[in-house]
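Asks: Could you work out the structure for the sequence below:
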Amino acid sequence: MLIELNDITKTYEIGTVLVPALKGINVNVNKNEYVAIMGPSGSGKSTLMNIVGCLDTPSEGVYMLNNNNVSDMSDDELAEIRNREIGFVFQTFNLLPRASALHNVELPLIYNGTPAAKRRKQAEEALERVGLADRMHHKPNELSGGQRQRVAIARALVNNPSIILADEPTGNLDSRTGEEIMEIFEDLHDSGNTIILVTHEEYIAEHSDRIIRLRDGIVERDEAVMERSA
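Replies: Numbers count the residues shown, from 1 in each chain. The predicted structure is shown next:
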């Protein structure tokens with residue numbers, strides 16, 4: 001089992017008020033699953049994503065990631081797990097505007113101390129994998145929105161992470177470009193990557209094999225997608 005979430009709760013303190021965001025979440029994700037997380041605003045999906053991505057820790061419960069108990073790790077330990085196990089793709093791309101696509105993809109490898117020649121090779125291979133071999137020396141403002149998201153996906157891939165965690169990855173793209181990005185995620189899944197996708201769009205979620213629907217901090221439904229979208 002790649003991910004085990006056991007009785008996960010998360011409560012935020014806002015002044016003197018306690019605000020429960022997650023109320024006893026139990027979810028398992030196997031290696032090479034393709035899972036979408038859906039829910040209305042305030043359902044807890046962003047909080048759940050932050051916990052799965054080791055950006056936040058639960059108030060109670062146990063989170064096992066790749067046989068590591070990350071529930072009560074220190075910030076430094078969480079940062080190490082994030083760098084080793086998780087590749088992030090964000091709605092807003094989060095690229096350095098003055099850096100080339102190649103350098104943007106290299107960043108996680110710079111942080112973990114990978115030697116220059118090796119990280120350049122890995123970054124080039126990641127960009128080739130998302131169809132941007134001919135754009136690796138372009139800066140973000142020289143790329144379309146879809147190409148920028150491809151750079152972000154290549155950056156998420158470059159460390160060969162256990163999980164690719166995508167937060168509304170088509171949210172800033174038109175529908176045609178969004179479909180092209182979803183085709184990349186399908187190819188990555190078919191190649192063996194585990195993908196967890198947070199979205200509010202039903203047609204995007206239907207690209208996955210399984211949809212976890214949250215409401216008011218609990219799992220309302222956890223269901224298989226019977227047929228992958230064309």
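Asks: Is the residue positioned nearest the centre of the chain part of a helix or strand, or is it coil?
Replies: The centroid of the chain falls nearest to residue 165 when counting by CA atoms, centre = their mean (1.1 Å). Using DSSP: H, G, I helix; E, B strand; the rest coil, the secondary structure recorded for residue 165 is strand.
Asks: If it is in a bridge, with which residues?
Replies: For residue 165, the beta-bridge partners are residue 88, residue 196 (DSSP bridges).
Asks: can you pull the contacts of it?
Replies: Counting by CB atoms under 8 Å, 6 or more residues apart in numbering, residue 165 touches 49, 52-53, 86-89, 156, 196, 198. Heads up, the C-betas are built off the backbone N, CA and C, glycines and all.
Asks: Got the confidence number for it?
Replies: With respect to pLDDT, residue 165 scores 97.
Asks: One more: residue 227?
Replies: 65.
Asks: for the residue lying closest to residue 70 once chain neighbours are set aside, phi and psi?
Replies: Spatial nearest neighbour of residue 70, chain neighbours left out: residue 63 (5.2 Å); criterion: CB to CB, 6 or more residues apart in numbering. Dihedral pair for residue 63: phi -120, psi 110, per degrees, to the nearest 10.
Asks: mind listing what's buried in the helix or strand of the chain with the lowest mean pLDDT?
Replies: Within the chain, no helix or strand scores below helix 75-85, which has a mean of 90 by mean pLDDT, DSSP states H and E. Across helix 75-85, burial judged by 16 or more other CB atoms under 10 Å covers 78, 81-83, 85.
Asks: That concludes my questions; thank you for your assistance.
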